[in-house]
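1. what's the 3D shape of this:
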Amino acid sequence: MSAGTNAEHASTRLIDAYARGEEAIPADALWALEAHLETCAPCRGRLAGAVATEAPGLAALVDTVRTGLEPRLDAAVRAPARRYRPGRAPAWLTPAMGPWLAMTAAVTLIALLLDAAGPTAVLGGTSPVLLLAPVLPLGGVAAAWSRGLDPAHELTASTARSGLPLLLRRTTAVLAVVLPGLLLAGRLTGSVTAAEWLLPSLAFTSTTLALGSVIGVTRAAAALVATWAAVVAAPAWVTHRLPVVLEPDRLPLWGLLFALGAAAVFLRRNAYSTL
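-> Numbers count the residues shown, from 1 in each chain. Below you'll find the predicted structure:
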């Protein structure tokens, strides 16, 4: 777990500070503690004791509310247990991602058809799959953490596992859809190897997340897509030449960019809870 907790339970100091409602608790320690309390009964018991000693006014308020609610709760009809339904999307997957993922799959199919038609006639030998792959996941990544596209954004952002953990899970869901499609497209056309598009795609994804900690993920994705289209894709279309940045000997640089982006995401992990 994060700072202030050990491998099994939260520290007494952190629980006491949480019970007092201290605002100085680091964001990563706060969400780690709240996520841990969801599954650890002993720590919840310690928190209850800490509230009684560290915040007696809050404890008295809770007892008053409980006294008023218990008769109503006993008389209420219990809701049926929620059953798993095959095909149901995970609770952390925003519904807005569906259309974006469908659009991404459609763009991948279009690139595959263009490649099958003959990239020489379209891009002078440059595979459309190779040209689109680096920025293809960014639409889904932008939709995965967009305030305007997620109707439950405020509710989701207030949960213990919001911020970077939720963003990473949603990004993984996007990549789980996009990357197999690109892999299949590359194998069907035989014009590009997996390494040629995988590293640029991962590099753009990590850079989007890193830049998103400063200006927002949606803005970062839009800015990188626009830059790629203006600086790389459009010139390749006009000149019918393979962009220099996509040549095989540039793959180590893409790997370095991916590593730098991932490191920046880790270093700025606390910033995502305030986006």
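2. what does the domain assignment say about this structure?
-> The chain breaks down into these domains under automatic domain parsing: 12-75, 97-274.
3. so which of those domains is the most packed in?
-> domain 97-274 (a mean of 18; mean count of other CB atoms under 10 Å). Yep, even glycine has a C-beta here, placed from its N, CA and C like the rest.
4. Give me the three-state assignment for the closest residue to Ala105 other than its chain neighbours.
-> What sits nearest to Ala105 in space, not counting adjacent residues and going by CB to CB, 6 or more residues apart in numbering, is Gly181, at 5.8 Å. Taking DSSP: H, G, I helix; E, B strand; the rest coil as the rule, one finds Gly181 in the helix state.
5. does Gly181 really touch Ala102, like I thought?
-> No. With contact defined as CB atoms under 8 Å, Gly181 does not count as touching Ala102 (11.4 Å).
6. Name all residues that make contact with Pro56.
-> Residues near Pro56 by CB atoms under 8 Å, 6 or more residues apart in numbering: none.
7. cool, and Arg20?
-> If you count contacts by CB under 8 Å, 6+ apart, then Arg20 has 54-55 around it.
8. So that it lines up with my notes, have the first residue be 36 from now on.
-> Sounds good: first residue 36 from here, last item Arg55.
9. Need the pLDDT of it.
-> The model reports Arg55 with a pLDDT of 82.
10. Least reliable of the domains of the chain by average pLDDT, please.
-> Averaging pLDDT over each of those puts domain 132-309 lowest, since it has a mean of 77.
11. Which stretches in the stretch 36-185 of the chain count as helices?
-> 47-55, 62-74, 76-89, 91-110, 132-152, 154-158, 163-167, 173-179 (DSSP state H, counting those that start in this stretch).
12. Using JSON lines, please lay out these together with distance to Leu199.
-> Supplementary listing: these in JSON lines, determined by distance: least, CB to CB, whole Å:
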{"stretch": "helix 47-55", "distance to Leu199": "19"}
{"stretch": "helix 62-74", "distance to Leu199": "8"}
{"stretch": "helix 76-89", "distance to Leu199": "22"}
{"stretch": "helix 91-110", "distance to Leu199": "29"}
{"stretch": "helix 132-152", "distance to Leu199": "18"}
{"stretch": "helix 154-158", "distance to Leu199": "37"}
{"stretch": "helix 163-167", "distance to Leu199": "27"}
{"stretch": "helix 173-179", "distance to Leu199": "12"}
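13. wait, which of those is closest to Pro235?
-> Nearest to Pro235, of all the helices of the stretch 36-185 of the chain, is helix 163-167, at 8.5 Å by CB to CB.
14. Could you list every helix and strand in contact with that closest one?
-> If contacts are counted by 3 or more CB pairs under 8 Å, 6 or more residues apart in numbering; DSSP states H and E, helix 163-167 sits against helix 132-152, helix 154-158, helix 199-224, helix 229-250.
15. relative orientation of the third one and helix 62-74 in degrees?
-> Right, the one you point to is helix 199-224. 90 degrees (axes from the mean of the first three to the mean of the last three CA atoms, to 10 degrees).
16. the inter-axis angle of helix 199-224 versus helix 229-250?
-> 150 degrees.
17. how far off helix 229-250 does the helix or strand that contains Leu259 point, in degrees?
-> Per DSSP states H and E, Leu259 falls inside helix 252-263. Here the directions of helix 252-263 and helix 229-250 differ by 130 degrees (the same axes, to 10 degrees).
18. so what does helix 252-263 touch, helix or strand wise?
-> Using 3+ CB pairs under 8 Å, 6+ apart, helix 252-263 sits against helix 173-179, helix 229-250.
19. Now do the strand or helix carrying Pro287 and helix 229-250, the angle between them.
-> If you go by DSSP H and E, Pro287 is part of helix 286-302. If you take the same axes, to 10 degrees, helix 286-302 sits at 30 degrees to helix 229-250.
20. elements contacting helix 286-302?
-> helix 229-250.
21. Output the helix it packs on in PDB, but only the C-alpha positions, please.
-> Taking C-alpha atoms only, helix 229-250 is exported to PDB below (Å, rounded to 0.1, in the frame of the first residue of the first chain):
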ATOM      1  CA  ALA A 229       4.100  -5.600 -34.600                       C
ATOM      2  CA  ALA A 230       7.100  -3.700 -33.300                       C
ATOM      3  CA  GLU A 231       6.800  -1.000 -36.000                       C
ATOM      4  CA  TRP A 232       3.400   0.200 -34.800                       C
ATOM      5  CA  LEU A 233       3.300  -1.100 -31.200                       C
ATOM      6  CA  LEU A 234       6.100   1.000 -29.700                       C
ATOM      7  CA  PRO A 235       4.800   4.300 -31.300                       C
ATOM      8  CA  SER A 236       1.300   3.500 -30.200                       C
ATOM      9  CA  LEU A 237       2.300   2.800 -26.600                       C
ATOM     10  CA  ALA A 238       4.600   5.900 -26.600                       C
ATOM     11  CA  PHE A 239       1.700   8.200 -27.700                       C
ATOM     12  CA  THR A 240      -0.500   6.600 -25.100                       C
ATOM     13  CA  SER A 241       1.900   7.200 -22.200                       C
ATOM     14  CA  THR A 242       2.700  10.700 -23.500                       C
ATOM     15  CA  THR A 243      -1.000  11.500 -23.600                       C
ATOM     16  CA  LEU A 244      -1.400  10.400 -20.000                       C
ATOM     17  CA  ALA A 245       1.700  12.300 -18.900                       C
ATOM     18  CA  LEU A 246       0.600  15.500 -20.700                       C
ATOM     19  CA  GLY A 247      -2.900  14.900 -19.400                       C
ATOM     20  CA  SER A 248      -1.800  15.400 -15.800                       C
ATOM     21  CA  VAL A 249      -1.100  19.000 -16.800                       C
ATOM     22  CA  ILE A 250      -3.700  20.100 -19.300                       C
END
